[in-house]
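Asker: Predicted coordinates and the sequence they were generated for:
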Amino acid sequence: MKDAEPNGTRSVMGWASACASPAGLVALVILLPLLGKAFTIDDVTFLLQARHVLTDLLHPTAFDMVFHGVPVRLSHEMVTGPVMAYLLVPAVLLGGAEWAAHAVQIALLLVGTVATAALAIRLGLNRAQAALASMLIVASPAVLGMSATAMPDVPAMAFAAAGMERLAAWRHNRQWAAGASAALLLALAALSRPHVLLVLPCAAVWLGGDDSARRRPLQWASALASRSLIPLAGALALAAIVVYATRDPASGVTITAATVGRVGLQTVAFNLASFPLQWMVAFPLGLLWIPLAGGRFLRSHRTPVSFNLGIVLAWIGGHFGAWTDLPVVILVGVGTAVLADIIGDAWERRDRVQLMLGFWLLISAAAAGYVHLPPKLLVPSAPAMAILIARLAGGRLRDRMPLRWIGAVVTAGLIIGLLVIRADAVLAEIGRTGGQVVAEEVKKGERVWMDGAWGFQWYAMKAGARPLAEIAPFPAPGDVVVAGLQARLLREKYPDKTLLSQRLFDGAGGRVHGEGAGFFTNWAGPWPWVWGHGEIGRIEAWRIDPPAAAAP
């Protein structure tokens, strides 16, 4: 029996909150114990931006920093908008409190689950389907893993889902408050991760089928509103204004220019091969679409063609990347077939909603020209994945076998997501330990430098270390250098040194980077999590010695 139609925004949001409450509870149970988790890989960049915002409110990237030992002007390198910098200001004001940064992420994850459920209801799904959609968000290992970082992928997802829900409300009732909210939220999504801007043409595909209001003669504005394009234009305009306002005043470089400057063709083939794989291993899309679509998927003429296309893509990409294992290649083929089936089935049935959601799945493929395409870049498309699966499940949620399979996939996703967070916590803790070593040396009165990157850089600089770089200033004899994660300059350029202390982090355990795990970069491996045995990292303190006398 179909649920009664909700009346008004309050009813929709009330239903959505109730539907999303189980998913929200699961998320809180998993994430709240990890509020104090150390900052991880790319968190440092956004934290440094937040710190800079306190002295230069409008220009989060207008400063110099050392990135993996290389001095850079951040505005020339940063391909992400300013939203995360502002969201992290409370954490910086609280002395770099991890709990404050993670609390923001958890809050936005909850917003994303409710917004996804609300959008599902707006698109005609019932309460059971909306509840499933919100749970699939939390059960996506990529979403859950990124919720425990200080990176902008979960905010981008939350703003995109909320913006699309407001856009659906605008399409239904033409209230200007809904249209303005949609424009603002979609702009915030694009200013969190730029490729989310491609959600706008996805929405236009769907909105183009709205014929509820007829075009009036000589009234173009009314016709434009009837197609719901005004919020999309508003979002584009708002994003452009913010990009211009936050440009580097010293050089005039904008986020757009930096993004275009980082695009290169050498990564496209491998990243495109990674893209369908991520929908199979970091999200539950492929594992649920195939059994729910059933015989139609297997009998479709698209399936063998797209599967073989994926195999070819994996083969080509393998020549540029690090993996060509047969199971991975097959998964690339299957993932390609799933994506092709979603788009092709929607096109054949003229299903504009499915077509819009299908295109939404594809937006991160636009990042294939970037240096890597890890699972996190697909996170803003998670609401589309969740609603597609819930929509396909339909009335079959009452059937025992589909329900058991969905339950098994959801459970597996939650377990893998938790494993990802736990492994990342171990990696991140190395950086925090490095900061403690720096603090100890500073307390002794030493002049301390740091060599490394990631979360270690944040903690070491916070403790008083100066970053070691390829250009002056350089450490003098007698100075102490603490080497941590991603250290290289100390080894390459300073042969005369004495080891003061060393701490190794190794042993068997989960990995999210290296040994085949590529949660933070697909170049490290095809899987979001693996079991490893090698060294994870080390923290070393060295004293720089005077140059050794040259041999006679």
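Answerer: Structure received.

Asker: Point out where the stretch 301-450 of the chain drops to low pLDDT.
Answerer: Within the stretch 301-450 of the chain, the ranges that satisfy pLDDT under 70 run 322, 395, 397-399.

Asker: give me that answer again for 90
Answerer: Along the stretch 301-450 of the chain, the parts satisfying pLDDT under 90 run over 315-325, 371, 394-403.

Asker: show me where it has strands.
Answerer: Along the stretch 301-450 of the chain, counting by DSSP state E, counting those that start in this stretch, strands occupy 448-451.

Asker: so where do the helices sit in it?
Answerer: Along the stretch 301-450 of the chain, the segments classed as helices by DSSP state H, counting those that start in this stretch run 302-318, 326-349, 352-361, 382-393, 400-443.

Asker: most neighbours per residue, which of those helices?
Answerer: helix 382-393 (a mean of 26; mean count of other CB atoms under 10 Å). Any C-beta I mention is one placed from the backbone N, CA and C, and that applies to glycine too.

Asker: contacts for that helix?
Answerer: With CB atoms under 8 Å, 6 or more residues apart in numbering as the test, helix 382-393 has contacts from 112, 115-116, 119-120, 123, 125, 129-130, 132-134, 136-137, 140, 142-143, 157, 160-161, 164, 279, 283-285, 288-289, 292-293, 342, 353-354, 357-358, 360-361, 402, 406.

Asker: Can you select the buried ones from the residues you listed in PyMOL?
Answerer: Command for PyMOL, covering only those of the contacts of helix 382-393 found buried under the criterion 16 or more other CB atoms under 10 Å:
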select buried, resi 112+115+116+119+120+123+125+129+130+132+133+134+136+137+140+142+143+157+160+161+164+279+283+284+285+288+289+292+293+342+353+354+357+358+360+361+402+406
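
Asker: now Val481, what's its secondary structure?
Answerer: Assigned state for Val481: strand (three-state reduction, DSSP: H, G, I helix; E, B strand; the rest coil).

Asker: roughly how far apart are the closest residue to it other than its chain neighbours and Gly484?
Answerer: By the measure of CB to CB, 6 or more residues apart in numbering, the closest residue to Val481 outside its immediate chain neighbours is Trp449, 4.5 Å from it. Per CB to CB, to the nearest Å, Trp449 is found 11 Å from Gly484.

Asker: same thing with Leu272?
Answerer: According to CB to CB, Leu272 and Gly484 sit 34 Å apart.

Asker: Please apply the same query to Trp176.
Answerer: Plainly put, Trp176 is 52 Å away from Gly484 if you go by CB to CB.

Asker: same question, Gly264
Answerer: Counting by CB to CB - Gly264 and Gly484 are separated by 29 Å.

Asker: Ok, which of the helices of the stretch 301-450 of the chain comes nearest Gly208?
Answerer: In this view, the helices of the stretch 301-450 of the chain are compared for proximity to Gly208 by CB to CB, and helix 352-361 is the closest at 7.4 Å.

Asker: That closest one to helix 326-349, inter-axis angle?
Answerer: 150 degrees (axes from the mean of the first three to the mean of the last three CA atoms, to 10 degrees).

Asker: Cross-check the contact I'm expecting between Pro276 and Leu339.
Answerer: Yes. The criterion here is CB atoms under 8 Å, and Pro276 meets it with Leu339 at 5.9 Å.

Asker: so what sits against both of these two?
Answerer: Once CB under 8 Å, 6+ apart is applied, it turns out that Pro276 and Leu339 contact no residue in common.

Asker: hang on, Ala115 in a helix?
Answerer: Yes. When the secondary structure is assigned by three-state DSSP, Ala115 falls within a helix.

Asker: Who are the contact partners of it?
Answerer: Taking CB under 8 Å, 6+ apart, we find Ala115 in contact with Ala16, Ala158, Ala161, Ala162, Met164, Glu165, Pro383.

Asker: how far away is the fourth one from His195?
Answerer: Distance from Ala162 to His195, counting by CB to CB: 18 Å.

Asker: Those two: which has the busier surroundings?
Answerer: Ranked by neighbour count (other CB atoms under 10 Å), Ala162 and His195 place Ala162 first, with 26 against 20.
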